[in-house]
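>>> I'll drop the sequence and a predicted model, then ask my questions.
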Amino acid sequence: MRRLSKSTKDKKVSGVCAGVGQYFGIDPTIVRIGFVILTLATAVIPCLIGYIFADWVMPKDNEV
């Protein structure tokens, strides 16, 4: 069973986008670019709060 977890190998900030990319089987760079575009196109503060929340909730991949 696959579980969503933060990446410890391919992280830039905290590994959230890399973990999401690994979970869905897509390149983490695409997830990072999509997150930046979504953040700039909508509201910056709610997206950053969501990222911080995901960082807090998601386990690291070596803890799963």
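Here it is on my side, so go on.
>>> helix/strand/coil for Thr8?
Under DSSP: H, G, I helix; E, B strand; the rest coil, Thr8 falls in the coil class.
>>> On the pLDDT front, check it for me.
The confidence metric pLDDT takes the value 86 at Thr8.
>>> who touches it in this structure?
Residues in contact with Thr8 (Cβ atoms under 8 Å, 6 or more residues apart in numbering) are Gly15, Lys60, Asp61, Asn62. C-betas here are computed from N, CA, C, even on glycine.
>>> Most neighbours of all the residues you listed, which one?
With neighbours taken as other Cβ atoms under 10 Å, the top of the contacts of Thr8 is Gly15, carrying 21 neighbours.
>>> Assess the claim that that residue and Lys60 are in contact.
Yes. If you go by Cβ atoms under 8 Å, Gly15 and Lys60 touch, sitting 7.2 Å apart.
>>> list the residues that contact both of these two?
Counting by Cβ under 8 Å, 6+ apart, the residues touching both Gly15 and Lys60 are Lys6, Thr8.
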